[in-house]
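Undergrad: okay, sequence plus prediction incoming.
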Amino acid sequence: MKAILHDDAEQFRKFQQLGRMYMQDEISGRTYLVRYIKLLGESGLDILPDVIEAIPNQQKQEELLQLAVSDLCIFL
């Protein structure tokens, strides 16, 4: 993750904050993905399956997986 963010501590903090907001239902899954792509760019799509898998809540994992497949046409 830090390599994709070029060891930018501020960008990494934003990534962590984004995850917390999603886990606490402050933002939707769709909003999470839009902000995730805006933050990480296309290179973030390469690690999206790993990011989704790291989410401790299975329901949240499934939501993002469905959105990634349907909205982003990503085949994970």
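TA: Great, that's in hand.
Undergrad: output the below-cut-off pLDDT ranges for this protein.
TA: 1-2, 72-76 (pLDDT under 70).
Undergrad: one more time with 50
TA: 76 (pLDDT under 50).
Undergrad: phi first, then psi, for the residue nearest to residue 48 when sequence neighbours are not counted.
TA: In space, and not counting its chain neighbours, residue 48 is closest to residue 68: 6.1 Å by C-beta to C-beta, 6 or more residues apart in numbering. In this view, the C-beta of every residue, glycine as well, is placed from N, C-alpha and C. Note on residue 68: backbone dihedrals following degrees, to the nearest 10 are phi -60, psi -40.
Undergrad: residue 56 too?
TA: phi -70, psi -20.
Undergrad: same check, this time on the one 3 residues further on
TA: With angles defined as degrees, to the nearest 10, residue 59 sits at phi -60, psi -40.
Undergrad: so how far is residue 25 from it?
TA: 11 Å (C-beta to C-beta, to the nearest Å).
Undergrad: overlap in contacts of these two?
TA: Common neighbours of residue 59 and residue 25, counting by C-beta atoms under 8 Å, 6 or more residues apart in numbering, are absent.
Undergrad: returning to that earlier point: the residue nearest to residue 48: neighbour count?
TA: 21 (other C-beta atoms under 10 Å).
Undergrad: where do the helices sit along the protein?
TA: 9-23, 29-40, 43-53, 58-71 (DSSP state H).
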